[in-house]
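Chemist: A structural model of the following input is requested.
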Amino acid sequence: LVADVDAGTVVDGVYRNRALGLSCKVPAGWVLRTEEMNVREESESNAAEEKPSPQGSTGAGRSASPSRDSRGGYPYATNGDPQGGRVLLAAFSRPPDAKGEDVNSSIVIAIEKVATYPGLKEAAQYFGPLTEVAKAQGFIVDEEPYEIEMGMKVVVRADFHKDVGTRVMRQSTVAFLAQGYAVSITVIGGTEDEVEELVDGVVFGK
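Modeler: Predicted coordinates for the structure are as follows:
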């Protein structure tokens, strides 16, 4: 783990990260796959080092954003570099490998070093690579990045959707900069109400 950032803990259905000043409600019955996602990303990073990536060392392919579709698979990826970024929380309504007809709702909190993106000064700029990757995975932008107040904190949010068979996968990402890191909180749900409920579960200052 990046040495100067607390990974946070999940206790009684609530993820808390005091270093980042946030808490996030994890719905009852959901499964945690945080470590599994980090191990997966590290192994993919090692494979990428052996085989040069056409995307190069920077850019959208490195961001914490949607990577695999799915009602069944992991819907996100970080840059895979444990020194540059890491998933702090990955929670799913069912195990990612379990098949299901409905959208596998999820909450993923990830960090990346701001230095990964030269010139990154504001959270809104981070949505450049995030949106690029989202579009590459078939997501359509519903709302361009906009500022919102969440408690005492002003963050930037963008909304997307993707048709998955007869279902619609809805995604909202909230981002902010803290302690030299770009922090993204991405939720996926099958309805707008579900997404809003998940976003409302994020609280700053606790």
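Chemist: Now do the same contact list for Ala182.
Modeler: Applying C-beta atoms under 8 Å, 6 or more residues apart in numbering to Ala182 gives the contacts 64, 111-114, 116-117, 120, 123, 126, 175-176. In this view, the C-beta of every residue, glycine as well, is placed from N, C-alpha and C.
Chemist: now Val31
Modeler: 91-95.
Chemist: before we move on, the earlier item: in helices, which of the contacts of Ala182 fall?
Modeler: Assigned to helices by DSSP state H, the following of those qualify: 123, 126.
Chemist: returning to that earlier point: quick one: which of the contacts of Val31 has the most company?
Modeler: Counting neighbours by other C-beta atoms under 10 Å, the top entry in those is Ala91, with 23 neighbours.
Chemist: mind checking how far the closest residue to Glu112 other than its chain neighbours is from Met37?
Modeler: Setting aside the residues directly before and after it, Glu112 is nearest to Gly85 in space (C-beta to C-beta, 6 or more residues apart in numbering), at 3.7 Å. Going from Gly85 to Met37 by C-beta to C-beta, to the nearest Å gives 12 Å.
Chemist: Between the two, which has more neighbouring residues?
Modeler: Gly85 (27 against 21).
Chemist: surely that one meets Ile111?
Modeler: Yes: using C-beta atoms under 8 Å, Gly85 makes contact with Ile111 at a distance of 5.9 Å.
Chemist: Just give me the closest of the contacts of Ala182 to Val164.
Modeler: Within those, proximity to Val164 (C-beta to C-beta) peaks at Ala64, which comes in at 20.8 Å.
Chemist: before we move on, back to that, can you redo the contacts of Val31 as CSV with pLDDT and distance to Arg33?
Modeler: As requested, those are exported to CSV (pLDDT from 0 to 100; distance: C-beta to C-beta, whole Å):
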residue, pLDDT, distance to Arg33
Ala91, 97, 8
Phe92, 97, 6
Ser93, 96, 11
Arg94, 93, 11
Pro95, 90, 8
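Chemist: Which ones among these map onto strands?
Modeler: Among those, DSSP state E puts 91-92 in strands.
Chemist: of the contacts of Val31, closest to Glu149?
Modeler: Glu149 lies nearest to Ala91 out of the contacts of Val31, by C-beta to C-beta, at 24.3 Å.
Chemist: Test my guess that that closest one contacts Ala28.
Modeler: No: with contact defined as C-beta under 8 Å, Ala91 does not reach Ala28; the gap is 11.1 Å.
Chemist: Isn't Val199 up against Val174?
Modeler: Yes: if you go by C-beta under 8 Å, Val199 and Val174 touch, sitting 6.8 Å apart.
Chemist: circling back: output the contacts of Ala182 as a markdown table; include the columns distance to Val164, pLDDT and neighbour count.
Modeler: As requested, the contacts of Ala182 are exported to a markdown table (distance: C-beta to C-beta, whole Å; pLDDT from 0 to 100; neighbours: other C-beta atoms under 10 Å):
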| residue | distance to Val164 | pLDDT | neighbour count |
| --- | --- | --- | --- |
| Ala64 | 21 | 41 | 29 |
| Ile111 | 27 | 94 | 25 |
| Glu112 | 27 | 93 | 24 |
| Lys113 | 32 | 93 | 18 |
| Val114 | 33 | 94 | 18 |
| Thr116 | 30 | 90 | 20 |
| Tyr117 | 29 | 93 | 18 |
| Leu120 | 31 | 95 | 18 |
| Ala123 | 28 | 96 | 21 |
| Tyr126 | 26 | 96 | 28 |
| Ala175 | 24 | 97 | 23 |
| Phe176 | 29 | 97 | 22 |
